[in-house]
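Participant: Got a sequence here, can you build the structure:
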Amino acid sequence: MFLRRTKIRSAAVAATMAAALIGLGAGAAGAAGWPPLQEGGYLYAGSNGTGAVTTVDLGDFGTCHTPSEPSRSIQIVSGSSSVVIYSGTGCTGYAWGSGSLAQSNLPWAALSYRVVPA
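Facilitator: Predicted coordinates for the structure are as follows:
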């Protein structure tokens, strides 16, 4: 009786670990197209971190910036800053905040942005 329960538990643990590893593999494959994470903030003209890159000055808090091209994705690695992107020029329209660690396609083409404390 004891051996049968042990075998069932072992099989359940193995199945759970296999599912977790498959999930991790799928997540890594989805992120494969992005540039490697690096300290700083970057806006990309294309989705998944592609296209022209705008480097964000994470120390310039509060100033509204308008990149030369609309941004469609963002990557930010910072302990103290985050970026708020806007759907309109002059930091108007809909707003979306990145947080201080993000690698994401934006919900719309961002026409302006502002750095804020995290």
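Participant: nearest residue to the most centrally placed residue in the chain other than its sequence neighbours?
Facilitator: Nearest to the geometric centre of the chain sits Q103, at 1.8 Å (C-alpha atoms, centre = their mean). Nearest in space to Q103, with sequence neighbours left out and distances taken as C-beta to C-beta, 6 or more residues apart in numbering, is Q75 at 4.8 Å. Where C-beta positions appear, they are placed from N, C-alpha and C, glycine not excepted.
Participant: so where do the strands sit in the chain?
Facilitator: Listed in chain order, the strands of the chain (DSSP state E) span 40-44, 53-56, 64-65, 71-77, 81-86, 95-97, 101-110, 112-117.
Participant: Adding mean pLDDT as columns, could you present the ones you listed in a markdown table?
Facilitator: Converted to a markdown table, these look like this (pLDDT from 0 to 100):
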| stretch | mean pLDDT |
| --- | --- |
| strand 40-44 | 97 |
| strand 53-56 | 96 |
| strand 64-65 | 98 |
| strand 71-77 | 97 |
| strand 81-86 | 97 |
| strand 95-97 | 96 |
| strand 101-110 | 96 |
| strand 112-117 | 97 |
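Participant: Format those as TSV; extra columns: distance to W34.
Facilitator: What follows is the strands of the chain, written out as TSV (distance: least, C-beta to C-beta, whole Å):
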stretch	distance to W34
strand 40-44	9
strand 53-56	12
strand 64-65	22
strand 71-77	7
strand 81-86	16
strand 95-97	18
strand 101-110	6
strand 112-117	19
